[in-house]
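Q: below is the structure, and that's it, no one-letter string:
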């Protein structure tokens, strides 16, 4: 699959008018696939809270890896994604996929995603060495609040996502983060 995601909070297709709202998605361990463009969570809905998730973005062979994408891509009347909250998620990439996005907010055409809140999300990608990788947060839309997230890109701004190791314990493996 060229573009695939592990979790989809959205209508079954772009051509279905299914309104999805008031969703809580929390405390999940997500591992991305190995080909094409990979996304951990894609949201085409309103009033969704995605919090406290661990996303392993270390696939081998993927062209790009994104942790959470909020996108308005429906063509038959579903409301524009609005009032979504993305809190306290950790996105880790030990691979060297050339495109790495932690969180991507994207409108289609002139219709922006609106009023998102993106707070306290952590990204770590120590081995990104290819071309310029994108900022940890890409795009925001009207009315979006962005606070206390990892920052940086490989060739521009700070280099926090690549150089600041947030893991304080060993062994360093997403599987080590098992609830007790």
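A: Thanks, I have the structure now. Quick caveat: nothing in here was measured; it's all calculated off a predicted structure. Residues are numbered from 1 along each chain as shown.

Q: give me the number of neighbouring residues for the spatially closest residue to residue 147 that is not a sequence neighbour.
A: Excluding its sequence neighbours, the residue lying closest to residue 147 (Cβ to Cβ, 6 or more residues apart in numbering) is residue 119, at 4.8 Å. All C-beta atoms are positioned from the backbone trio N, CA, C, and that covers glycine. Look at residue 119: counted by other Cβ atoms under 10 Å, it has 15 neighbours.

Q: who is residue 119 paired with across the strands?
A: When assigned by DSSP bridges, residue 119 has beta-bridge partners residue 87, residue 147.

Q: OK, contacts around it?
A: 85-88, 145-149 (Cβ atoms under 8 Å, 6 or more residues apart in numbering).

Q: tell me the SS of residue 161?
A: Following DSSP: H, G, I helix; E, B strand; the rest coil, the label given to residue 161 is helix.

Q: let me know whether it touches residue 137 as I believe.
A: No. Judged on Cβ atoms under 8 Å, residue 161 makes no contact with residue 137 at a distance of 10.3 Å.

Q: list residues touching both of these two?
A: In contact with both residue 161 and residue 137: residue 102, using Cβ under 8 Å, 6+ apart.
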